[in-house]
Structures are given as structure tokens and as C-alpha cells.
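# Quick one: sequence plus predicted model below, questions after.
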Amino acid sequence: MSPIFLFTIILLIVATGLAIIRGGSWERAVAFAIIAGGVISAVAPFDHRSPPWFAIGADAGVFLLILYGVVSSGRRWLVAAAGFQFLVLATHYAFVSNLRLEQWAYISAYYVWSIGVIGSLIFGSLARRRNGPPFQADARPDAG
């Protein structure tokens, strides 16, 4: 297991825990979308010679959810998360455009931008103002 993969998994566990305990509905939704995208990417076939279409589709779905959050929730951390997730998609595009790219460069860039998305989620969960118990519905959906 590569160190960057292990670091990303640990960071995602921390981010998900913070989103559940301290975050609001958007923080939890994004955390679970990232996890679902990761599971889809992990179980989908990838032969290192053709584009990972399932992973690209999963990352596009996460991007669309985050983008919807940007325009509807008013949470500022989602803007940064959308930017990093867009870079994840740009990394996929670079690989699809030139399949001769070195795998380590493609995978490393993918994880660096993913860590940016997860870091944004951590920041959003920590910066969130609490209005009640952790599992209470958001009192102000536009707070962020």
C-alpha cells in the first residue's frame, strides 16, 4: 500500500468523523459521496492501460454534488472543494488524452487533489457553527 493512499484514507476517516460529529447536512453528504466514489473506484476494473471510466464517473458525480452545494447552500468551503474536485477531473482528462502518461504521475496528482477536497471538508466541518446536537437538522441551511 502506497504512503499517499494510506495518508488519504486516514484523512478521509478523520474528515468523515468530523462531518458526522460536528458538520451539518452538507458536510455529511459530501463525506458520504466521497466514500461512495472511492468504493466505486475500488471495485471497478482498472487495467492501467485504459481510462478508469467508473472512477471518472464517480468523481464527476461528487463534483456535481459539490457544485450543487456551492450554488444552493452558501457554504464557502464548498467553493474550494469544487475547485479541487475540478482538478481531480482535469487529472482524469489528462490521462484520457494521453494514455502514455506515467502512472505514478497520474495517481499522485489524483491523490494530491483528492487530499485538497478532503482538507476542504475538514475545514468546513471545523468552521461550522453549531446550533444544537450533532444529528439535529440544520436550523439555518444557508449557514456555513
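Right, received. Where do you want to start?
# Which residues does the helix or strand of the chain with the lowest mean pLDDT contact?
Lowest mean confidence among the helices and strands of the chain (mean pLDDT, DSSP states H and E): helix 103-127, at a mean of 92. Residues from elsewhere that reach helix 103-127 (CB atoms under 8 Å, 6 or more residues apart in numbering): 2, 4-5, 7-8, 11-12, 14-15, 18-19, 22-23, 26-27, 30-31, 34, 48, 62, 66, 75, 77-78, 80-81, 83-85, 87-88, 91-92, 94-95, 144. Every C-beta, even on glycine, is put in place using the N, C-alpha and C of the backbone.
# Which residue, other than its chain neighbours, is closest to residue 40?
Excluding its sequence neighbours, the residue lying closest to residue 40 (CB to CB, 6 or more residues apart in numbering) is residue 58, at 4.1 Å.
# picking up where we left off before, residues of the least confident helix or strand of the chain that come out buried?
106-107, 109-111, 113-125 (16 or more other CB atoms under 10 Å).
# again, but for stretch 20-29
For stretch 20-29, burial by neighbour count (16+ other CB under 10 Å) applies to 22-24, 26-29.
# Tell me which two in those are the farthest apart.
Distance extremes for these: the farthest pair is 22 and 29 at 14.4 Å, using CB to CB.
# which ones are touching residue 67?
Contact analysis of residue 67 by CB under 8 Å, 6+ apart lists residue 82.
# Quick check: which element contains it?
According to DSSP states H and E, residue 67 maps onto helix 53-73.
# Give me the distance from the next helix-or-strand element following that helix to the chain's centre.
Heading C-terminal from helix 53-73, the first helix or strand you meet, by DSSP H and E, is helix 77-97. Centroid separation for helix 77-97 versus its chain: 10 Å, with CA atoms, centre = their mean, to the nearest Å.
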